[in-house]
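S.K.: Mind looking at a prediction? Sequence and model below.
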There are 2 protein chains.
Amino acid sequence: MQLHGTFKLEMTPTLVDIARETHTSVSTVSRVLSGGAMANRISKETRDRVREVADRMGYRPNLLARSLRTRKTYTVALLVSDIANPFFGQLGSLIERSLAQHGYSLMLCNSAEDLEKESDYLRMVAAKGIDGLIVVPLASSKEQMLQSLPATLPLVILDRPIAGIPSSVASDQDQIANILCDVLDRGGVRQIALLCGPQHVITHRRRCEILSQRFEVLSRYEGAAQKATGRAAFRQFTEVLPRVQAIVCTNNFLAQGVVESLGQIERPPIVGVFDEIPMMDLLRVPIVCAMQDIPALAEGCVAQILKLLDGNQTVTPILLPAKVVTNKAFEVELFGRDEPIL
Amino acid sequence: MQLHGTFKLEMTPTLVDIARETHTSVSTVSRVLSGGAMANRISKETRDRVREVADRMGYRPNLLARSLRTRKTYTVALLVSDIANPFFGQLGSLIERSLAQHGYSLMLCNSAEDLEKESDYLRMVAAKGIDGLIVVPLASSKEQMLQSLPATLPLVILDRPIAGIPSSVASDQDQIANILCDVLDRGGVRQIALLCGPQHVITHRRRCEILSQRFEVLSRYEGAAQKATGRAAFRQFTEVLPRVQAIVCTNNFLAQGVVESLGQIERPPIVGVFDEIPMMDLLRVPIVCAMQDIPALAEGCVAQILKLLDGNQTVTPILLPAKVVTNKAFEVELFGRDEPIL
DNA sequence: TTGTATGCGTTATCAG
DNA sequence: CTGATAACGCATACAA
């Protein structure tokens, strides 16, 4: 077969090229190559011919053009504070996998806990025509959120519910904080040192509130949710260390910094923490973790966004329970036994 | 000011709408709003008027349409095996941040170490019109790679160099494995148990080769690079445990599984591992880590992709050195002192 | 079963 | 300085 007309070599072929080549029209080619039900309304001969030529020419549909026309990009964006945090890493991985299974790809953004970056990103992804959005918000009100976003864009709030937005999935922060307190309490804890992440983040703030309410806080430190903050906080905590039975941290990064510093101490206090501490059973520091159900969170928000993408308007918030896990050192030191108390 | 013509409410306004509203043409509006040097070639009055109206109407450019026209999306894709792996998580986070600083956004994909998913993703992101691509490849040849990709697409290979592709950034696997071996050797290690990740992944394979070459391998286990594999491997290793001085794992997930199992053992062997083990100084298991320079890797591949995006064709591969870090338990047990030996 | 024509929202070319 | 008008590549209503 010969190449007719002005077929530009080295260019990625378009519908026009393969229409010319196959002596048909763009619409015909489009219909067979779009692959939908439309393809069956074309005679088998031309269908095969078109497919064969398209294949030979290495045709790839231009998804930008298609999306511009159909107003569908099959892309959803996920906006988190930091993908380097294993909590969001696992979440992102699971969400991506699940979404891919449903034909959507994921665009990932880091807000870095920065309100301005957040709204910039929201505006950008909206302008890029994404079909839906899953966001771990810094903004705390619906209005603030919708200011950077078309009101009609399918939106799921993850991890940090916002009043007035029904499509959200999160762990029950009150439950999670309280069961952590319960276990600490049974472990004889009355006074604590409290290490908090940024208070403008609702989860950190709520956790702090509950902890302050249930225990006597002898020292308190606040800072970015990073290991370094944990180490800095520990220096401040040293003076009250003899009088507290536990150091409680509002996230795992903070706790890791504390735990690392605790290596020096001969009789370390209990460390209470939200989310996972890797290999904690091997540590001689007694640890109690309030663990969120990451797979359920991922599954939940994918389910919600798919529902919204499907035009379904009736979604209800998902609030997941968490559980508490303790490590060996905790069990041994406080109860002289080897099994979890729960 | 009043709304003229058939301005469709609830619709996101386009250039046409704001042209009608402002009694100018689309071209004028486009020139003003595109913000480039073109804007200055428009009279200040109309410029201001257009801006004011655009603002009032809440105009947002449709980036799909713009990209279709300009053939530029300001998006680069990053394809890794699993973003839940902290190594790739940190890498992804740094890359995203750096890219954002240069006006590009990131599209993240997980290949899950699956060759088919990899090529599917490559084709998809190419079709979506991304400007460039950073990939941690599973494919091992240039041909295999270019089969799913336009040859002209700016491409940077990360972590696992491919022969014939000059734009790549990675740690020097031979160097990294060898310095790990050096330290183990000085620690008195002669026989080892070897725990390998998938052999079709070049980094895992190469590390295995070098280790097998420098030590006597009494037991060997291969499996997916997950914690669970580490635990399974440990069961197989128990019988040779008395006769090996170290268990070496080709990545950190594998090692964590092993280390967790090692909690039981009264006199644990050394664990050699590639990449970070969190809080390892607190563990009583002696550990020696070969650590890659993650920020340098991120910086390197962003630099390369930006160069390529800039039309610069002359990039040369970047090969970064790694360093070895040991934990306290290692120092104490083997040298009776408290400082690193390197 | 297939082709023609139109439009998605922009930018770019070419006149004026 | 500004305005028509033609692409960009594709999907689709309407004809034939």
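M.R.: Good, I have the coordinates. Numbering: from 1, shown residues only, chains lettered A, B, ... in the order given.
S.K.: Distance from the strand or helix carrying A:L211 to the middle of the chain?
M.R.: Using DSSP states H and E, A:L211 maps to helix A:202-214. Relative to the centre of its chain, helix A:202-214 is centred 22 Å away, using C-alpha atoms, centre = their mean, to the nearest Å.
S.K.: Check which residues of that helix are buried.
M.R.: Buried positions in helix A:202-214, judged by neighbour count with 16 or more other C-beta atoms under 10 Å in any protein chain shown: A:I202, A:T203, A:H204, A:R205, A:R206, A:R207, A:C208, A:I210, A:L211, A:R214. Yep, even glycine has a C-beta here, placed from its N, CA and C like the rest.
S.K.: what helices or strands is it leaning on?
M.R.: helix A:173-186, strand A:191-196 (3 or more C-beta pairs under 8 Å, 6 or more residues apart in numbering or on different chains; DSSP states H and E).
S.K.: Need the winner for burial among those.
M.R.: strand A:191-196 (a mean of 25; mean count of other C-beta atoms under 10 Å in any protein chain shown).
S.K.: Give me the sheet partners of that strand and which way each runs.
M.R.: Each strand paired with strand A:191-196, and its direction, by DSSP bridges: strand A:216-222 (parallel), strand A:246-249 (parallel).
S.K.: would a markdown table of those with distance to B:L320 be doable?
M.R.: Formatted as a markdown table, those follow (distance: least, C-beta to C-beta, whole Å):
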| stretch | distance to B:L320 |
| --- | --- |
| strand A:216-222 | 36 |
| strand A:246-249 | 33 |
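S.K.: Quick check: which of these is buried the most?
M.R.: strand A:246-249 (a mean of 29).
S.K.: contact partners of stretch A:224-236?
M.R.: Contacts with stretch A:224-236, where a contact means C-beta atoms under 8 Å, 6 or more residues apart in numbering or on different chains, come from A:85, A:113, A:193, A:195, A:197-198, A:201, A:204, A:219, A:221, A:223, A:247, A:249-251, A:253-262.
S.K.: Got a quick ChimeraX command for the buried subset of these?
M.R.: Burial among these is assessed by 16+ other C-beta under 10 Å; the matching ChimeraX selection reads:
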select /A:85,113,193,195,197,198,201,204,219,221,223,247,249,250,251,253,254,255,256,257,258,259,260,261,262
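S.K.: still on that earlier bit, now the strands paired with strand A:191-196 as JSON lines including mean pLDDT?
M.R.: Shown next, in JSON lines, are the strands paired with strand A:191-196 (pLDDT from 0 to 100):
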{"stretch": "strand A:216-222", "mean pLDDT": "97"}
{"stretch": "strand A:246-249", "mean pLDDT": "98"}
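S.K.: Run through the helices of the stretch 1-150 of chain A in chain order.
M.R.: Applying DSSP state H, counting those that start in this stretch to the stretch 1-150 of chain A gives helices spanning A:15-22, A:26-34, A:44-57, A:63-70, A:86-101, A:115-127, A:142-146.
S.K.: Nearest to chain B, out of those helices?
M.R.: helix A:86-101 (3.7 Å; C-beta to the nearest C-beta).
S.K.: Quick check: which helices or strands does the closest one pack against?
M.R.: Going by 3+ C-beta pairs under 8 Å, 6+ apart, helix A:86-101 lies up against strand A:75-80, strand A:105-110, helix A:294-309, helix B:86-101, strand B:105-110.
S.K.: where does A:I265 land in three-state SS?
M.R.: coil (DSSP: H, G, I helix; E, B strand; the rest coil).
S.K.: what about it, neighbour count?
M.R.: Counted with other C-beta atoms under 10 Å in any protein chain shown, the neighbours of A:I265 add up to 13.
S.K.: shouldn't it be in contact with A:L241?
M.R.: Yes. At 7.5 Å, A:I265 counts as touching A:L241 under the criterion of C-beta atoms under 8 Å.
S.K.: and the residue lying closest to A:D293 once chain neighbours are set aside, how far is that from A:G197?
M.R.: Excluding the flanking residues, the one nearest A:D293 by C-beta to C-beta, 6 or more residues apart in numbering or on different chains is A:L320, at 5.4 Å. Applying C-beta to C-beta, to the nearest Å, the value for A:L320 to A:G197 is 20 Å.
S.K.: Report the residue spans of chain A with pLDDT below the cut-off.
M.R.: A:1-10, A:336-342 (pLDDT under 70).
S.K.: Show me how the record splits it into domains.
M.R.: When chain A is parsed with automatic domain parsing, its domains come out as A:15-61, A:72-171+A:294-321, A:173-292+A:324-335.
S.K.: Reformat the ones you listed into CSV and put distance to DNA strand D next to each item.
M.R.: Putting these into CSV (distance: least, C-beta to the nearest atom of the strand, whole Å) gives the following:
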stretch, distance to DNA strand D
domain A:15-61, 3
domain A:72-171+A:294-321, 9
domain A:173-292+A:324-335, 40
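S.K.: got the residues of the stretch 101-250 of chain A near DNA strand C?
M.R.: For the stretch 101-250 of chain A, the contact set with DNA strand C under C-beta under 7 Å from any atom of the strand is empty.
S.K.: For the stretch 101-250 of chain A, which residue gets nearest to chain B?
M.R.: Of all residues in the stretch 101-250 of chain A, A:L108 sits closest to chain B, at 3.9 Å by C-beta to the nearest C-beta.
S.K.: Report the separation between that residue and B:V76.
M.R.: 12 Å.
S.K.: Which one of these two is surrounded by more residues?
M.R.: For A:L108 versus B:V76, neighbours defined as other C-beta under 10 Å are more numerous around B:V76 (26 against 23).
S.K.: Run through the bridge partners of the more buried one.
M.R.: Beta-bridge partners, per DSSP bridges, of B:V76: B:L106, B:G132.
S.K.: Let me see the contact set for it.
M.R.: With C-beta under 8 Å, 6+ apart, B:V76 has these contacts: B:99, B:104-107, B:130-134, B:154, B:305, B:309.
S.K.: let's see 6 Å
M.R.: Taking C-beta atoms under 6 Å, 6 or more residues apart in numbering or on different chains, we find B:V76 in contact with B:Y104, B:I130, B:D131, B:G132.
S.K.: next one: A:L149
M.R.: Residues near A:L149 by C-beta under 6 Å, 6+ apart: A:L122, A:A126.
S.K.: let's see it at 10 Å
M.R.: Contacts for A:L149 (C-beta atoms under 10 Å, 6 or more residues apart in numbering or on different chains) come out as A:S119, A:L122, A:R123, A:V125, A:A126, A:L133, A:V135, A:L155.
S.K.: Likewise for A:C249?
M.R.: A:193-197, A:204, A:207, A:211, A:221, A:225, A:229-230, A:233, A:255-259, A:271-275, A:277.
S.K.: next one: A:I162
M.R.: With C-beta under 10 Å, 6+ apart, A:I162 has these contacts: A:135, A:137, A:139-145, A:155, A:168, A:170, A:202, A:317.
S.K.: now the contacts of B:V76 in TSV, with neighbour count?
M.R.: Below are those laid out as TSV (neighbours: other C-beta atoms under 10 Å in any protein chain shown):
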residue	neighbour count
B:Y104	22
B:I130	21
B:D131	18
B:G132	23
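S.K.: Among those, which pair sits farthest apart?
M.R.: Using C-beta to C-beta, the contacts of B:V76 reach their maximum pairwise distance at B:Y104 and B:I130, which is 9.5 Å.
S.K.: Give the residues shared as contacts by the two.
M.R.: In contact with both B:Y104 and B:I130: B:T73, B:Y74, B:T75, B:V76, using C-beta under 10 Å, 6+ apart.
S.K.: List only those of those flagged as buried.
M.R.: Using 16+ other C-beta under 10 Å as the threshold, B:T73, B:Y74, B:T75, B:V76 are the buried ones among those.
S.K.: Tell me if I'm right that the first one and B:A127 touch.
M.R.: The reference is to B:T73. No. Checked against C-beta atoms under 10 Å, the pair B:T73 and B:A127 is beyond contact range at 11.6 Å.
S.K.: Show me the common contact partners of the two, please.
M.R.: By C-beta under 10 Å, 6+ apart, the residues touching both B:T73 and B:A127 are A:L64.
S.K.: For burial, what's the neighbour tally of A:A228?
M.R.: A:A228: 12 neighbours (other C-beta under 10 Å).
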